[in-house]
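Engineer: predicted model and sequence follow; I will ask about them next.
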Amino acid sequence: QVQLAESGGGLVQAGGSLRLSCAASGRTSSNYVMGWFRQAPGKEREFVAAIRWSSGTTYSAGSVKGRFTISRDNAKKTMYLQMNSLKPEDTAVYYCASDSRLTITDPLGYEYWGQGTQVTVSS
């Protein structure tokens, strides 16, 4: 059983930065995809970024490309999301997810989820 724990959310002014972390435990292989999703009030959960753990190949949504960077630390079994130039529309609960079985942008395909961390960007 894989367990995921996010941290790093908070309140920041527009233009500021935050770094989210997602620590994974219970993992026994390296052939999987991990991703970040976010969900704003009244909206569906949307794809933000993903990374193939074994190769380090990354994918990002168009809305965050050039501002957010996904990365991972193999030794710490931790995934990160560096968020720069934050905008009020980035405000949401951010979730990390693991083990995608479908298209990496589809939240329904992920088997494991963290509890979420709130990111609030003030204007």
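Structural biologist: Noted; the coordinates are in hand. This structure is a prediction, so every number in the text was calculated from the model and none was measured. Residues are numbered from 1 along each chain as shown.

Engineer: quick check: beta-bridge partners of the most centrally placed residue in the chain?
Structural biologist: Centre of the chain computed as the mean C-alpha position; nearest residue by C-alpha atoms, centre = their mean is Trp36, 2.2 Å away. When assigned by DSSP bridges, Trp36 has beta-bridge partners Ala49, Cys96.

Engineer: does it really touch Leu81, like I thought?
Structural biologist: Yes - Trp36 lies in contact with Leu81 (C-beta atoms under 8 Å); the separation is 4.9 Å. Any C-beta I mention is one placed from the backbone N, CA and C, and that applies to glycine too.

Engineer: now list whatever residues contact both of these two.
Structural biologist: Leu20, Cys22, Val48, Ala49, Ile70, Tyr94 (C-beta atoms under 8 Å, 6 or more residues apart in numbering).

Engineer: and Thr120, how far from Gly62?
Structural biologist: Distance of Thr120 to Gly62, given as C-beta to C-beta, to the nearest Å: 22 Å.

Engineer: the two: which is more packed in?
Structural biologist: Set side by side, Thr120 and Gly62 show more neighbours around Thr120, with 15 against 6, by other C-beta atoms under 10 Å.
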